[in-house]
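Novice: Here you go, sequence then predicted model.
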Amino acid sequence: MDIRRLTPDYAVSPQIAVEDLAAVKAAGFATVIDNRPDGEIPAELHTPAMRAAAEALGLRFVANPVIGGALTMQNVQAQAAAMAESPGPVFAYCASGNRCSIVWALAQAGQRPAEELIGIPARFGYNLEHLRPQIEALAGKG
């Protein structure tokens, strides 16, 4: 498992397994967000299995599947709500961590400068520069 902390309260990761959830909990996370649609992964990693394992450990679990190339504002709003409602740090995962970074950046538009929303994920190899116009529009600057 590769935890990539974008902020002290939000981290992203490539796909995890059920057995990784104990380490997520031990790392201090309170909420797990699954940004991966079940259709992309084997059955043992589908939402029901991951939810049951996370909740058994006392973690809050939120499924917000983001379809590659088909991100919606509903996804952004769901991510923002899950982050706001979390009683502690949030851990989000998808195939690579990129989609988790994108929905985070769009959800944070207007709360952080676009430079940060693009620059922080870039430290982990996620290029969000193409989202600058959307980030600025959501922040009311576009």
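Specialist: Noted; the coordinates are in hand. Numbering: from 1, shown residues only.
Novice: List the buried residues of the helix or strand of the chain with the lowest mean pLDDT.
Specialist: Every helix and strand of the chain was ranked by mean pLDDT, DSSP states H and E. The lowest is helix 132-138, at a mean of 93. Within helix 132-138, the residues scored as buried using 16 or more other CB atoms under 10 Å are 134-136, 138. C-betas here are computed from N, CA, C, even on glycine.
Novice: Show me what it is packed up against.
Specialist: Helix 132-138 is packed against helix 98-107, helix 114-122, with contacts defined by 3 or more CB pairs under 8 Å, 6 or more residues apart in numbering; DSSP states H and E.
Novice: now the ones you listed as TSV including distance to Pro48, mean pLDDT and mean neighbour count?
Specialist: TSV is the format used below for the helices and strands packed on helix 132-138 (distance: least, CB to CB, whole Å; pLDDT from 0 to 100; neighbours: other CB atoms under 10 Å):
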stretch	distance to Pro48	mean pLDDT	mean neighbour count
helix 98-107	20	96	25
helix 114-122	29	96	18
